[in-house]
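Colleague: generate coordinates for the sequence data below:
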Amino acid sequence: MPDDTTCVHLDQIVDVTPSAEGCEDCLRAGTAWVHLRLCLSCGHVGCCDQSPRRHARGHVRSTKHPIIRSAEPDEDWVYCYPDRMYVEPAGPASMDR
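Modeller: Purely as a prediction, here's the structure:
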């Protein structure tokens, strides 16, 4: 049984291809974002919670895909929304923009 320091969603991480070169939803709507996040279940690229529309969090809520990573240069963190924790593995994180 996992404890409070163990993410139980790591098995849902797959090798993904980013869906867009920016926030997929902001690009479609013509709006701006602050930082980008990559869904590690399907490759959806969404904007962060500091962005006006918070598309990454909206994607997680609508799909139940649990784990995202930063898609920003020089950032290598991975975050699990349901477990509310940063998790391993991390690795190459940036998308060329």
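
Colleague: what residue is smack in the middle of the protein?
Modeller: Compute the mean C-alpha point of the chain, and by Cα atoms, centre = their mean the closest residue is Ile68, 2.7 Å away.

Colleague: tell me which element the closest residue to that residue other than its chain neighbours falls in.
Modeller: In this structure, Ile68 finds its nearest non-sequential neighbour in Arg37, 4.5 Å apart by Cβ to Cβ, 6 or more residues apart in numbering. Bear in mind the C-beta positions are built from the backbone N, C-alpha and C, glycine included. According to DSSP states H and E, Arg37 maps onto strand 36-39.

Colleague: do Val60 as well
Modeller: Counting by DSSP H and E, Val60 is found in helix 55-63.

Colleague: quick one: residues in contact with that helix.
Modeller: 23-26, 33, 36-37, 39, 41-42, 44, 46-49, 65-66, 68, 81 (Cβ atoms under 8 Å, 6 or more residues apart in numbering).

Colleague: again, only using 10 Å
Modeller: Identification of contacts with helix 55-63 by Cβ atoms under 10 Å, 6 or more residues apart in numbering yields 19, 23-26, 28-29, 31, 33, 35-39, 41-42, 44-49, 51, 54, 65-68, 70-71, 79-82.

Colleague: thanks again, I'm all set now.
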